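>>> for reference, the sequence and a predicted model appear below.
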Amino acid sequence: MTQRRITIRTAADLIAAVPALVRFVPTDSIVVIAITGNAATFTVRIDRTDVDTQTDRIVDALTRHRTTAVHIVSVSDHADKRAATTEHLILAHRLTGVARVQGNYWIPTLAEPATAQNLDTLEAIAVDPTASLVAVAAAVEAGQRIERSRADIARRFARADHIPADDTAATNPGPVLEELAAVVYADELPDARLIARTAAIITAAPVRDAMFRLATYGTTAALEVATAVATHSRGQARVNALILAGWLAHCSGNGAVTQIAYDAADAETADTGIERSHLLGLLRRAIEAGMTPTDVRSVGLALDTATIRALTGADLPGAPDRD
């Protein structure tokens, strides 16, 4: 689930805004845009063949957020239009019990200008997602990107050259955590030395939990740092860095990145044979239940600074001028 507030004016604007709302250009997808008043408050994207398995999750999210109405946009090529629109209308029927379905639309692609169709009136709608003011605004927003596909997002978390953990740092995590906080605050990326030291300390649960405080020095910058650590680490260190990255993405309202980071954590768990993280399971349920970014952030920041100092030796008060 992706949560963003965007004002809706026309059907063409709404359809064109889908890549900005989900942060990538979807294909073979059904996108549900939740409306409160006249603003889009959050967005859910599913594979168009997953209507049966994902409907309950969408209903739960709409109910939790007291959504008053939805727009539904299907994206599929012309060859699959009949099947896609059938799946779309099945979903629309099931959602009418919790929210008013204001619009049903189909479009063959959002990667380039195309003609959409209003499935209620059969009206043709010219849509140019590349010219959408909403999409452009989201693309230039600090630290946010619109990827061309989910595969592009997944490549962010793919394994890169392995930087072995510097185990000498494990006995004294405080200085490493404080250096990470400084790197995040400066909007920089960690060097190989810091990645090695981080990989050594992040495997301990108290340190992993303390690292959630990095969000208080800049959520977007912290996501980039966690991603860098994850790509160059292996085993439990990689899993924990991916969990942190997924949580940070959830805090910023980016559901696609959240799910893909958690998928990568599950894959690393399976590949290395380590025990699946209970925290990963909890955070997956949070995104699937539609927990808001504000709520999931408060859960991640449950440890206060005094507790973190006692557990790790790190002083992480946060930066008041950052999100």
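Sure, I can see it. Note that the structure is a prediction, hence the values are computed from the model and not measured.
>>> burial measure for D13, as a count.
16 (other C-beta atoms under 10 Å). Every C-beta, even on glycine, is put in place using the N, C-alpha and C of the backbone.
>>> which strand or helix spans it?
For D13, the element it lies in under DSSP states H and E is helix 11-16.
>>> quick one: list the elements packing against that helix.
strand 69-75, strand 100-107, strand 114-118, strand 124-127, helix 133-140 (3 or more C-beta pairs under 8 Å, 6 or more residues apart in numbering; DSSP states H and E).
>>> buried set for the third one?
Okay, so that is strand 114-118. 114, 116-117 (16 or more other C-beta atoms under 10 Å).
>>> ditto for the first one
In terms of neighbour count (16+ other C-beta under 10 Å), strand 69-75 has its buried residues at 69-75.
>>> picking up where we left off before, compare the helices and strands packed on helix 11-16 and give me the one nearest R193.
helix 133-140 (32.9 Å; C-beta to C-beta).
>>> residues in contact with the very next helix or strand once past that closest one?
Toward the C-terminus, helix 133-140 is succeeded by helix 150-156 as the next helix or strand (DSSP H and E). For helix 150-156, the external contacting residues (C-beta atoms under 8 Å, 6 or more residues apart in numbering) are 23-24, 26, 147, 227, 231, 256-257, 260, 263-264.
>>> which elements pack onto the strand or helix carrying A270?
A270 is part of helix 255-272 when elements are defined by DSSP H and E. Under the contact criterion of 3+ C-beta pairs under 8 Å, 6+ apart, helix 255-272 touches strand 39-47, helix 150-156, helix 219-232, helix 235-251, helix 278-288.
>>> tabulate the buried residues of strand 114-118 (a markdown table), appending pLDDT and distance to G318.
Shown next, in a markdown table, are those (pLDDT from 0 to 100; distance: C-beta to C-beta, whole Å):
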| residue | pLDDT | distance to G318 |
| --- | --- | --- |
| A114 | 95 | 45 |
| A116 | 96 | 45 |
| Q117 | 96 | 49 |
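>>> what's the closest of the residues you listed to V296?
Closest to V296, out of all of these and judged by C-beta to C-beta, is A116, at 33.0 Å.
>>> check contacts around the closest one.
11-12, 15, 73, 105-107, 124-127.
>>> now list the buried members of those.
Buried among these by 16+ other C-beta under 10 Å: 11-12, 15, 73, 105-107, 125, 127.
>>> coming back round to it: just how off-centre is the helix holding A270 within its chain?
12 Å (C-alpha atoms, centre = their mean, to the nearest Å).
>>> in it, what's buried?
Within helix 255-272, judged by 16+ other C-beta under 10 Å, the buried ones are 255-269.
>>> and which of those residues is nearest G218?
Closest to G218, out of all of the buried residues of helix 255-272 and judged by C-beta to C-beta, is V257, at 16.1 Å.
>>> for that closest one, which non-adjacent residue is closest in space?
Using C-beta to C-beta, 6 or more residues apart in numbering and skipping residues adjacent in sequence, the residue nearest V257 is A249, 3.8 Å away.
>>> which residues touch that neighbour?
223, 255, 257-258, 261.
>>> low-confidence ranges, the stretch 201-323 of the chain, go.
Scanning the stretch 201-323 of the chain for pLDDT under 70 picks out 321-323.
>>> kindly apply the preceding question to the stretch 1-150 of the chain instead.
Across the stretch 1-150 of the chain, the ranges flagged by pLDDT under 70 are 1-8, 38, 131-148.
>>> dump the helices and strands packed on helix 11-16 into TSV; add distance to I202 as well.
Below are these laid out as TSV (distance: least, C-beta to C-beta, whole Å):
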stretch	distance to I202
strand 69-75	38
strand 100-107	42
strand 114-118	44
strand 124-127	44
helix 133-140	31
